[in-house]
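Peer 1: okay, predicted coordinates and the sequence, questions at the end:
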Amino acid sequence: MDRLRVEGVGMTSQRTRNRLIQRLADEGISDARVLEVMANTPRHLFIEEALAIRAYEDTALPIGFGQTISQPYIVARMTELLIQRAKRLDKVLEVGTGSGYQTAILAPLVEKLYSVERIEPLLLKARKLLGELGLRSVEFRLSDGSLGWAEEAPFDAILSAAAPATIPAELKSQLAPDGVLVIPVGSDIQHLTVVTREGDSDKFTVERVEPVRFVPLVAGVVRQ
Ligand code: SAH
C-alpha cells in the first residue's frame, strides 16, 4: 500500500497517533508491547475517509451495518488482559472482526490468529486491508462466532468484540488448558469479563473487570 497513506498527515500523522498512545498510558495501559503495536497501527485506514480525522480520538466510530470500530482504550485493555493472562499464545480466536483494527493489534502479538465475523462485507474489507498491510498470520471465516471455530479448537485465548447476554458455552469449551476468554458480557449493563479454564479441568474462574459498552453478539450470518 501507498506509504504516504499508511503514514498519514495532519490529524492522521504519527504525531497525532503518539498523543493517543500517551493518553492510553495515562489511562492505565501499561503493557509496552500493546502500546508499541498501537503506535505502529494506522487506525485511520480502518474507517471511512470522512471520519479519518477522528481516528486518533479515544472513541468508537461507525463502520457501517450498525457496527463500530472499538474504542482504542478498550482494544488496548482487552489485548493487555489477553496477553498477560494467557500462558501460551500459539492459537488465538477473535470473535467479531469488524473493521479488522483489533485483529491488526492482536496479530503481531500472537503466533496464529483466527478471526470470525458474521457480516460478509465487513469481513471481506478487513481481510483485504490486513493483506495490504502485510499481516499474514491471520485466518478469517464468515461464521457465527458464538459457536467458536470447532475445527481449529482448542485455543490458548479467545477475545470477543461483541457482547452476549451470557457467556457462550461453546467458547468456554474451546479453551485449551489454562486458556483465557476475554469477553464483554451482559445486555443492558455489560462487564468486561475474563474466563479462565483451571488447568485441564472443566472448571472455570470468572472475573468481572470493568463496565463496558459493546454491540451485541448476534446469531447467524449476513451474506453480501
Ligand atoms: N474489534 C472490531 C469490533 C467490531 S464491533 C473493530 O474494532 O472494528 C463487533 C463486531 O462483532 C461487528 O462487526 C459484528 O458484526 C460482529 N459480531 C456480532 N455478533 C457476531 C457473531 N455471532 N459472530 C461473529 N461476529 C459477530
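Peer 2: Great, that's in hand.

Peer 1: tell me how far the ends of stretch 213-224 are from each other?
Peer 2: Stretch 213-224 has an end-to-end distance of 27 Å (C-alpha to C-alpha, to the nearest Å).

Peer 1: how distant is it from the center of its chain?
Peer 2: Using C-alpha atoms, centre = their mean, to the nearest Å, the mean C-alpha position of stretch 213-224 is found 15 Å from that of the whole chain.

Peer 1: out of all of them, which strand in the chain is the longest?
Peer 2: strand 175-185 (DSSP state E).

Peer 1: so which elements touch the helix or strand just after it?
Peer 2: Counting by DSSP states H and E, the element after strand 175-185 in chain order, helix or strand, is strand 190-197. With contacts defined as 3 or more C-beta pairs under 8 Å, 6 or more residues apart in numbering; DSSP states H and E, the packing partners of strand 190-197 are helix 72-85, helix 169-173, strand 175-185, strand 204-212. (Each C-beta comes from the backbone N, C-alpha and C, glycine too.)

Peer 1: returning to what we had before: any residues touching the longest strand of the chain, and which ones?
Peer 2: Applying C-beta atoms under 8 Å, 6 or more residues apart in numbering, the set of residues contacting strand 175-185 from outside is 78, 81-82, 85-88, 91, 95, 154-160, 162-167, 171-172, 190-200, 204, 212, 214.

Peer 1: could the helices and strands packed on strand 190-197 go into CSV alongside distance to S99?
Peer 2: Conversion of the helices and strands packed on strand 190-197 to CSV gives the following (distance: least, C-beta to C-beta, whole Å):
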stretch, distance to S99
helix 72-85, 11
helix 169-173, 22
strand 175-185, 17
strand 204-212, 18
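
Peer 1: S115: what secondary structure?
Peer 2: Using DSSP: H, G, I helix; E, B strand; the rest coil, the three-state assignment for S115 comes out as strand.

Peer 1: would you agree it is in contact with S137?
Peer 2: No: counting by C-beta atoms under 8 Å, S137 is not a contact partner of S115; they are 10.7 Å apart.

Peer 1: thinking again about what came up before, within the sheet, what are the partner strands of the longest strand of the chain, with directions?
Peer 2: strand 155-160 (parallel), strand 190-197 (antiparallel) (DSSP bridges).

Peer 1: list the contacts of M1.
Peer 2: Taking C-beta under 8 Å, 6+ apart as the definition of contact, the neighbours of M1 are 132-133.

Peer 1: ok, it to the ligand distance?
Peer 2: Counting by C-beta to the nearest ligand atom, to the nearest Å, the separation of M1 from the ligand is 18 Å.

Peer 1: separation between that residue and E198?
Peer 2: Here the distance between M1 and E198 works out to 44 Å (C-beta to C-beta, to the nearest Å).

Peer 1: for stretch 196-216, what does the pLDDT average out to?
Peer 2: Mean pLDDT, computed over stretch 196-216, is 97.

Peer 1: if you look at it, does any of it touch the ligand?
Peer 2: Yes: between stretch 196-216 and the ligand, judged by C-beta under 6 Å from any ligand atom, the touching residues are V215.

Peer 1: as JSON lines, the helices and strands packed on strand 190-197 with mean neighbour count and distance to R23 would be great.
Peer 2: As requested, the helices and strands packed on strand 190-197 are arranged in JSON lines below (neighbours: other C-beta atoms under 10 Å; distance: least, C-beta to C-beta, whole Å):
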{"stretch": "helix 72-85", "mean neighbour count": "21", "distance to R23": "8"}
{"stretch": "helix 169-173", "mean neighbour count": "16", "distance to R23": "31"}
{"stretch": "strand 175-185", "mean neighbour count": "23", "distance to R23": "22"}
{"stretch": "strand 204-212", "mean neighbour count": "13", "distance to R23": "17"}
